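Colleague: 3D, please:
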Amino acid sequence: MTNDDADSASETHAPDAATSDAGGERASEDTLALDAASDDRDAPLAAVVVKPRAEVATASLRAEGVYDDDRRVRPFDADTVALPVTAPPQDTAVRRVVRQPDPEYRSRDLADYLRERGWSDDEIAAAPASWAVVGSVVLVADGDYRDDADLGDALLELHGDADTVCVRRGVTGTHRTPDLQVIAGTGDTETVHVEHGTRYALDCATVMFSPGNQAERVHMGEVVDDGERVFDMFAGIGYFALPMARAGADVTAVELNPEAYRYLVENAKLNDVTGTLQAILGDCRDVETTADRVVMGYYGVSEADGSDRGEASETDDGGREQEAFDYLDAALSALEPGGVVHVHAAVHESDLPDGPADRVRDAAADHGRDATVDAVRRVKSHSEGVAHVVVDATVH
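Modeller: Take a look at the predicted model:
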């Protein structure tokens, strides 16, 4: 007889008559089903099995429909674990069924909700490992999923405050409009996303929003001083302009995409910064201004990966065919001596940190100025082997 057989032989089906547990005690049918019930008759149940059989027993309990995914598996003694169940099992061999007066509940994940819908382990493994929640809209990358609608409904259950789930299929058109397909919920893609007190109104179907840039948006609100003059050359819906204006900076925010500009104006009102944020519709190279700080949040067509405009370029369009570094002339023309420029770039890992830093220094030298690179900061991964970074430089 194998070890697994030996373990199974020492266990019993819950409804069977008197049996022995690991300590040799005799357990009647009643005590097997409702062990410790006198302590707390309302406490949830758990089935005790030896540790080597926990995985097999869990699968069997799930097949019976009595496994409780809302609770964690708990140690019972040195050799056994307590598997959470909703009722005494009828077909699964267990040592005993006990009450748990102090159950440990766990946060449910997407796999739990998909499993309830009959998804197999392989199908769950092929489900998205991550997704973006922008306000009330859940955005999922395109993929070969068992059932898009099923996946969408599961995500709505997981995120109770969301009301729409969309699959992202890329970007299209002159203004790089997101290509979304609604797979669940109301279909309302307009929402208000809140980060650290900043409110971003947007339509996920018409303008892009990169949750992966959250730390950078917060950072920009922390580095500015009250009254500092900022030139945000690619403002979008106010990704960086809003946190800076809320921090007291005087921001000139320029946006070329009319739809993004509309939300930029709305967001200035929504965040009560109309007095410190001037929104301009047009090409940033045509704007005459001076600033203590220039933000270049767009990184254009990346030489690093040869692709079309970077996916994190939240506001780019067909008029922005040059790489972001080509806009440095306009940035440096606006930047006062001693001012700081923040240049976003997508570069090969092998080109870090010297490549983008040298390009900023060279551009400053072409203007007869000296740039001190304060940092080359990584924002996130852009694609395989390519990083989205920000060069912070003080220009004299």
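
Colleague: low-scoring pLDDT stretches of the stretch 1-150 of the chain, where are they?
Modeller: 1-40 (pLDDT under 70).

Colleague: Can you show me the strands along it?
Modeller: With DSSP state E, counting those that start in this stretch applied, the stretch 1-150 of the chain shows strands at 12-13, 19-20, 26-27, 45-50, 74-75, 80-85, 93-94, 96-99, 132-134, 137-141, listed in chain order.

Colleague: Indicate which one of the ones you listed is closest to V379.
Modeller: Closest approach to V379 among the strands of the stretch 1-150 of the chain (C-beta to C-beta): strand 132-134, 15.3 Å. All C-beta spots, glycine's among them, are computed from the backbone N, C-alpha and C.

Colleague: Grab the most central residue of this structure for me.
Modeller: Nearest to the geometric centre of the chain sits A132, at 4.5 Å (C-alpha atoms, centre = their mean).

Colleague: That residue contacts M208, doesn't it?
Modeller: No - contact criterion C-beta atoms under 8 Å: A132 and M208 do not qualify, at 10.8 Å.

Colleague: Which residue comes closest to K380 once chain neighbours are left out?
Modeller: Spatial nearest neighbour of K380, excluding adjacent residues (C-beta to C-beta, 6 or more residues apart in numbering): G212 at 4.3 Å.

Colleague: Just the local confidence number for that neighbour, please.
Modeller: Per-residue pLDDT puts G212 at 80.

Colleague: measure it to Y263 for me?
Modeller: According to C-beta to C-beta, to the nearest Å, G212 stands 19 Å off from Y263.

Colleague: So between these two, which is more surrounded?
Modeller: Y263 (23 against 14; other C-beta atoms under 10 Å).

Colleague: does the more buried one sit in a helix, a strand or a coil?
Modeller: Three-state assignment for Y263 (DSSP: H, G, I helix; E, B strand; the rest coil): helix.

Colleague: Please name the nearest non-neighbouring residue to it.
Modeller: Excluding the flanking residues, the one nearest Y263 by C-beta to C-beta, 6+ apart is I237, at 4.0 Å.

Colleague: what's the helix or strand for the one you found?
Modeller: Following DSSP states H and E, one finds I237 outside all helices and strands.

Colleague: Next one, pLDDT for it please.
Modeller: Value listed for I237 in the pLDDT field: 96.

Colleague: Tell me which residues touch it, please.
Modeller: Applying C-beta atoms under 8 Å, 6 or more residues apart in numbering, we find I237 in contact with 200-202, 207, 209, 260, 263-264, 267, 314-315.

Colleague: V379 now?
Modeller: Taking C-beta under 8 Å, 6+ apart as the criterion, V379 is in contact with 212-213, 215-216, 312, 344, 387-390.

Colleague: Please check these and keep the buried ones.
Modeller: 213, 216, 312, 344, 387-390 (16 or more other C-beta atoms under 10 Å).

Colleague: all helices of the stretch 51-200 of the chain, in order?
Modeller: Taking DSSP state H, counting those that start in this stretch as the criterion, the stretch 51-200 of the chain carries its helices at 54-64, 110-116, 121-125, 148-158.

Colleague: right, so of these, which gets closest to A291?
Modeller: helix 148-158 (41.9 Å).

Colleague: Mind listing what's buried along that closest one?
Modeller: Buried residues in helix 148-158, counted by 16+ other C-beta under 10 Å: 148, 150-158.

Colleague: helix/strand/coil for the residue nearest to K380?
Modeller: Secondary structure assignment for G212 (three-state DSSP): helix.

Colleague: Just put the helices of the stretch 51-200 of the chain in TSV and tack on distance to G248.
Modeller: Conversion of the helices of the stretch 51-200 of the chain to TSV gives the following (distance: least, C-beta to C-beta, whole Å):
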stretch	distance to G248
helix 54-64	56
helix 110-116	41
helix 121-125	48
helix 148-158	38
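
Colleague: Which one, of those helices, ends up nearest to H367?
Modeller: Closest among the helices of the stretch 51-200 of the chain, once you apply C-beta to C-beta, is helix 148-158, at 49.6 Å.

Colleague: quick revisit: distance-wise, check the residue nearest to K380 relative to L151.
Modeller: 21 Å.

Colleague: next one: T189
Modeller: For T189, the distance to L151 equals 17 Å [C-beta to C-beta].

Colleague: Tell me how far the residue nearest to D79 when sequence neighbours are not counted lies from A215.
Modeller: Among residues not flanking D79 along the chain, V50 sits closest, at 5.8 Å (C-beta to C-beta, 6+ apart). Distance check for V50 against A215: by C-beta to C-beta, it reads 46 Å.

Colleague: Contacts only, for the nearest residue to E123 once chain neighbours are set aside.
Modeller: Spatial nearest neighbour of E123, excluding adjacent residues (C-beta to C-beta, 6+ apart): R146 at 4.4 Å. By C-beta under 8 Å, 6+ apart, the contact set of R146 is 119, 123, 126-127.

Colleague: try 10 Å
Modeller: By C-beta atoms under 10 Å, 6 or more residues apart in numbering, R146 lies in contact with 114, 117-120, 122-124, 126-127.

Colleague: now swap in V373 and tell me
Modeller: Applying C-beta under 10 Å, 6+ apart, the residues near V373 are 343, 353-354, 356-358, 360-361, 364, 391-394.

Colleague: Inside strands: which ones of those residues?
Modeller: Per DSSP state E, strands hold the following members of the contacts of V373: 343, 391-394.

Colleague: would CSV of these with distance to T372, pLDDT and neighbour count be doable?
Modeller: Output for the ones in strands among the contacts of V373, formatted as CSV (distance: C-beta to C-beta, whole Å; pLDDT from 0 to 100; neighbours: other C-beta atoms under 10 Å):
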residue, distance to T372, pLDDT, neighbour count
V343, 14, 94, 27
V391, 11, 94, 26
D392, 10, 96, 18
A393, 6, 97, 25
T394, 5, 97, 16
